[in-house]
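Asker: Sharing a model that was predicted from the sequence below.
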Amino acid sequence: MKSCCFNIVILFIFIYLQHHNLFAQKSILDKEVKLSAFTNSIENYLDEISNECKIEFSYTSKVPVYHVVSISKQKRTIREHLQEILCKDSISFTERNNKILLFAEKSSRPIKPNPEAKQIKGLVVDKKTKKPLPYANVFIINKSIGTISNASGSFFLKLTNIDDTDTLGISYIGYRLFRIPVHEIDTSQLVIRLSSEQVQINEILVRPYDPIYIITKALENIPKNYEQEPLVLTAFFREAIRLNNSNLSLSEAIIKIYKESYTSLRPDQVKIFKGRKSNNTEKKENIDFIVQGGLYNNLQLDIVKNGITFLDKDYFHLYVYAIEKIIYHQDKPTYVISFDQRKGVRYPCYKGRLYIDVESLAIIGATFELSQEGIDYATGIYVKKCPKKLRVKPVSASYEVYYRMIDNRWNLSHARSDVNIKVKHKKDKLQDKINYEYESISEFVITSIDSSVTARFRFNEIARPRDILVEQIKETDDAFWGDENIIIPEEPIEKTVLRLWKKDKIQYDQNYATGKIVDTLPNINKNDE
């Protein structure tokens, strides 16, 4: 009798637990949610569901979250919403660990190439000297698609949805704009010969020749010359770290930038769309110091939006300015204004050239470097952490940034930085044991612009200002980029990438040693100085 009662109790407990589990295991996909609009982007719909139901979505770069879709009903279950929102893009979803995972379905049919797609390879050289022109701007005129040539003048541009009216443009500061209709390109390798063209000042009607006056008016004209609406920029970003001329790490990424208007005080946002990396851990030394760097510091090279001392009237007295000449850039007369640190100034200043469009007074580019007089005062700007026994000193820091006009507005086009830092032991018995020089090179190019997305990125997607790119990405794939436009790597870099990728497959989980040397741009915001 006791045994029977015991069995009955166990049976009731089992039934209760099963009943309880049925409720506890009810899928979050069965929750009802009411969406606010019948038409929206996939990303905005996911954000709305996430906020309303307190759940998270996880997806890869293959999920086209920027596509605009429509729904037939505003209120129904998450499952039903997702089935309608994602069906056209063949995206599946599943629930796992209280998250909803989205993934692209693998098609059993072979992927057919887009008949409208076109790939253009080329080399940009000086017409007279035949020397390659590095970092030339390569783009489709009046469209946001583009890239730049690499240090050897080579470029590779991938085009989709082209039409007969599209024209390829190649520009380089001080050279005549080169144009060729895309439909006339019938070769696998273009050689673009650019001719330099300079204009004497007395050949053109110009404003007073006071460089400070010109810079001041250029700053006043920012609202008129630059984008006043937020944009989403797609960019290719690369950074390489070298130790005594040997590659230490390489990382590349396609990033999305939520670009606020040029009059907004809100910071831009960055999120990594996809990326790959390689580390040479064998050459990593046991040095523990941190140099300021990351994606956000490189975006500070947008000097029109973020400012810099040689463009700030409160710092004009630290510099000497002069108008060198007038040249043509993209068929427009352009001032070349040189600047340098004034003698006796004890401050980390720059020297370089500023390019300003004569007609609109838009700042269209700048090349500059840390002045020799300012290097001694720059250590605190670059190095944020350093052991007591080490002496870390910046040796050089050079930068360049350019803008491109699209629909009568100038937009950020590309930027590059190159920073060298020397590391030594302080004077003691170990002085000769450590004597290293680190070089950090980074570059990015805007490859497309989307003006249809108005919502800022979700907080859990964005990269943080102190994040280091090489620590955020893990994927490595020889055919990684697909249809994305990138900067062609130099041949030695490409060989290093391939060699280090093979090591990564074996030592994938091996962490860096303690050192972290990353690319940096000085903190150039006035408020931070």
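Answerer: Yes, it's here.
Asker: the domain parsing of the protein - what is it?
Answerer: 25-104, 118-196, 224-311+371-528 (automatic domain parsing).
Asker: Confirm for me that Lys121 is in contact with Ile185.
Answerer: No. Proximity of Lys121 to Ile185 does not meet the contact threshold set by CB atoms under 8 Å, at 10.0 Å. The way it works is simple: take the backbone N, C-alpha and C, and place the C-beta from them, glycine included.
Asker: Quick check: which ranges of the stretch 401-529 of the chain have low pLDDT?
Answerer: 425-434, 464-484, 486-529 (pLDDT under 70).
Asker: Recalculate using a threshold of 80.
Answerer: The model of the stretch 401-529 of the chain has pLDDT under 80 over residues 423-436, 453-454, 459-529.
Asker: Contacts for the helix or strand hosting Asn40 next, please.
Answerer: Asn40 is located in strand 39-41, with elements delineated by DSSP states H and E. Contact partners of strand 39-41, identified using CB atoms under 8 Å, 6 or more residues apart in numbering, comprise Glu48, Val65, Tyr66, His67, Val68, Val69, Ser70, Ile71, Ser452, Val453, Ala455.
Asker: per-residue confidence for the third one?
Answerer: The score at Tyr66 is 68. That number is its pLDDT.
Asker: Also Ile140?
Answerer: At Ile140, pLDDT is 90.
Asker: And for it, the neighbour number?
Answerer: 18 (other CB atoms under 10 Å).
Asker: tell me what the one helix or strand Phe156 maps to is packed against?
Answerer: Here Phe156 sits within strand 154-159, counting by DSSP H and E. Secondary-structure packing of strand 154-159 (3 or more CB pairs under 8 Å, 6 or more residues apart in numbering; DSSP states H and E): strand 118-126, strand 137-140, strand 146-148.
Asker: switch to 7 Å and redo it
Answerer: Packing partners of strand 154-159 (3 or more CB pairs under 7 Å, 6 or more residues apart in numbering; DSSP states H and E): strand 118-126, strand 146-148.
Asker: Could I get the average pLDDT for the last one?
Answerer: Strand 146-148 shows a mean pLDDT of 89.
Asker: Equivalent analysis for the first one, please.
Answerer: On average, the pLDDT along strand 118-126 is 88.
Asker: Arg456: what's its closest spatial neighbour, skipping adjacent residues?
Answerer: Sequence neighbours aside, Tyr258 is the residue nearest to Arg456 in space, at 5.4 Å (criterion: CB to CB, 6 or more residues apart in numbering).
Asker: Buried residues, the strand or helix carrying that neighbour. List them.
Answerer: Following DSSP H and E, one finds Tyr258 within strand 246-259. Within strand 246-259, the residues that count as buried by 16 or more other CB atoms under 10 Å are 247-259.
Asker: Any idea how many residues pack against Pro181?
Answerer: 12.
Asker: got the contact list for the closest residue to it other than its chain neighbours?
Answerer: Among residues not flanking Pro181 along the chain, Thr167 sits closest, at 5.3 Å (CB to CB, 6+ apart). Thr167 makes contacts with Ile140, Ile141, Arg179, Ile180, Pro181, Val182, as judged by CB atoms under 7 Å, 6 or more residues apart in numbering.
Asker: Out of those, which is nearest to Gln330?
Answerer: Ile141 (9.4 Å; CB to CB).
Asker: surely the closest one meets Gly169?
Answerer: Yes. Using CB atoms under 7 Å, Ile141 is in contact with Gly169, at 4.4 Å.
Asker: Common neighbours of these two, please.
Answerer: With CB under 7 Å, 6+ apart as the test, Ile141 and Gly169 both reach Arg179.
Asker: Tell me how far the closest residue to Ser36 other than its chain neighbours lies from Ala455.
Answerer: Leaving aside its sequence neighbours, Ser36 sits nearest to Glu48 (CB to CB, 6+ apart; 6.5 Å). The spacing between Glu48 and Ala455, counted by CB to CB, to the nearest Å, is 10 Å.
Asker: Pick out whichever of these two has more residues nearby.
Answerer: Glu48 (18 against 14).
Asker: What are the phi and psi values at the more buried one?
Answerer: phi -70, psi -40 (degrees, to the nearest 10).
Asker: try Asn51
Answerer: Taking degrees, to the nearest 10 as the convention, Asn51 sits at phi -70, psi -40.
Asker: Can you give me the neighbour number for it?
Answerer: Neighbours around Asn51, by other CB under 10 Å: 11.
Asker: And it, how far from Ala455?
Answerer: Relative to Ala455, and taking CB to CB, Asn51 is found at 12 Å.
Asker: Skip the chain neighbours and tell me the closest residue to Lys259.
Answerer: Leu231 (4.7 Å).
Asker: same question, Ile327
Answerer: Gly174 (4.6 Å).
Asker: what's the neighbour count on that neighbour?
Answerer: Gly174: 17 neighbours (other CB under 10 Å).
Asker: tell me which element Lys130 falls in.
Answerer: Counting by DSSP H and E, Lys130 is part of no helix or strand.
Asker: Asn150 versus that one, what's the distance?
Answerer: For Lys130 relative to Asn150 (CB to CB), the value is 17 Å.
Asker: who's more crowded, those two?
Answerer: Asn150 (23 against 9).
Asker: Stretch 35-43: which residues count as buried?
Answerer: Leu35, Asn40, Ser41, Ile42, Glu43.
Asker: sorry, back to before: quick one, grab the pLDDT at the residue nearest to Ser36.
Answerer: 86.
Asker: what's the answer for Leu311, then?
Answerer: For Leu311, the predicted pLDDT is 96.
Asker: count of neighbours near it?
Answerer: For Leu311, using other CB under 10 Å, the count is 21.
Asker: isn't it right up against Ile303?
Answerer: Yes. Leu311 lies in contact with Ile303 (CB under 7 Å); the separation is 6.0 Å.
Asker: For Lys313, which non-adjacent residue is closest in space?
Answerer: Thr216 (6.6 Å).
Asker: host element of that neighbour?
Answerer: helix 211-220.
Asker: swap in Arg404?
Answerer: strand 390-406.
Asker: just checking, what packs against that strand?
Answerer: So strand 390-406, by 3+ CB pairs under 7 Å, 6+ apart, packs with strand 137-140, strand 363-370, helix 379-382, strand 409-425.
Asker: Out of the ones you listed, which gets nearest to Thr77?
Answerer: Among the helices and strands packed on strand 390-406, strand 409-425 sits nearest to Thr77 (CB to CB), with 41.9 Å.
Asker: and the closest one, C-alpha only, in PDB?
Answerer: Extracted C-alpha coordinates of strand 409-425, given in PDB (Å, rounded to 0.1, in the frame of the first residue of the first chain):
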ATOM      1  CA  ARG A 409      28.100  68.000 -51.200                       C
ATOM      2  CA  TRP A 410      31.500  67.000 -50.100                       C
ATOM      3  CA  ASN A 411      31.800  63.700 -48.300                       C
ATOM      4  CA  LEU A 412      34.600  61.900 -46.500                       C
ATOM      5  CA  SER A 413      36.500  59.800 -49.100                       C
ATOM      6  CA  HIS A 414      39.600  58.200 -47.600                       C
ATOM      7  CA  ALA A 415      42.200  58.600 -44.900                       C
ATOM      8  CA  ARG A 416      45.600  57.100 -44.000                       C
ATOM      9  CA  SER A 417      47.900  57.300 -41.000                       C
ATOM     10  CA  ASP A 418      51.500  56.100 -40.400                       C
ATOM     11  CA  VAL A 419      52.900  56.300 -36.800                       C
ATOM     12  CA  ASN A 420      56.400  55.200 -35.700                       C
ATOM     13  CA  ILE A 421      57.200  54.700 -32.000                       C
ATOM     14  CA  LYS A 422      60.600  53.800 -30.500                       C
ATOM     15  CA  VAL A 423      60.900  51.600 -27.300                       C
ATOM     16  CA  LYS A 424      64.000  51.500 -25.200                       C
ATOM     17  CA  HIS A 425      65.000  50.500 -21.700                       C
END
